[in-house]
Every structure is written in C-alpha cells, then in structure tokens.
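1. Okay, predicted coordinates and the sequence, questions at the end:
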Amino acid sequence: MELLLRCANETFVLEHAAAMATKRIPLRGGDEYDALTKAKRVHIWRAGDRAKIKRRYWKRFRRQPLGD
C-alpha cells in the first residue's frame, strides 16, 4: 500500500504507511514507558520532557528497517 502526498509540485511516497501506523518497537527504559503509556497520568511532567522522550522514540522508530 502506498500513500502519496503532494506538496509544491513534489511527490513523496511513503511505502507501507498502514503497516508503519500499527507497528511499534520495544520501549527502552522506564522514562519511555512512563511517558508513552497510561502511566503518564501518574507523573507530573515539566514542559517539554515528554516531547523529548517521544522525539527520541520516534527517531529510533524511523531508523528501523521496514521489514523488521
């Protein structure tokens, strides 16, 4: 399945968009677990803390090959 996005006369092809939307990788450490699960409601977060953790997780997610 391919998803095409058109922006300023450029075509970006995202292959396997549906598979990527449902796929998850293992969480590393307690910080990721606390920030990305329902446990986030228990903790009091400073501004930007969860955003940094989420950014680190999704950056690692994007670096994973599609076949894994």
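-> Right, received. Where do you want to start? Numbering: from 1, shown residues only.
2. quick one: Arg46 is in a helix?
-> No - Arg46 sits outside any helix when classified using DSSP: H, G, I helix; E, B strand; the rest coil, being coil.
3. now it: how far from Lys52?
-> 10 Å (CB to CB, to the nearest Å). Placement of C-beta: from N, CA and C, glycine included.
4. Please say which of these two ends up with more neighbours.
-> Between Arg46 and Lys52, counted using other CB atoms under 10 Å, Lys52 has the larger neighbour count: 12 against 7.
5. show me what contacts the more buried one?
-> Not one residue lies near Lys52 by CB atoms under 8 Å, 6 or more residues apart in numbering.
6. Return the helix or strand in the protein with minimum mean pLDDT.
-> strand 10-15 (a mean of 45; mean pLDDT, DSSP states H and E).
7. Was I right to think Tyr57 contacts Asp34?
-> No - in this structure, Tyr57 is not within contact of Asp34 by CB atoms under 8 Å, at 12.0 Å.
8. where do the helices sit along this protein?
-> 17-22, 29-36, 49-63 (DSSP state H).
9. Pick the most deeply packed of those.
-> helix 29-36 (a mean of 15; mean count of other CB atoms under 10 Å).
10. where does this structure have low pLDDT?
-> The chain contains residues with pLDDT under 70 at 1-22, 67-68.
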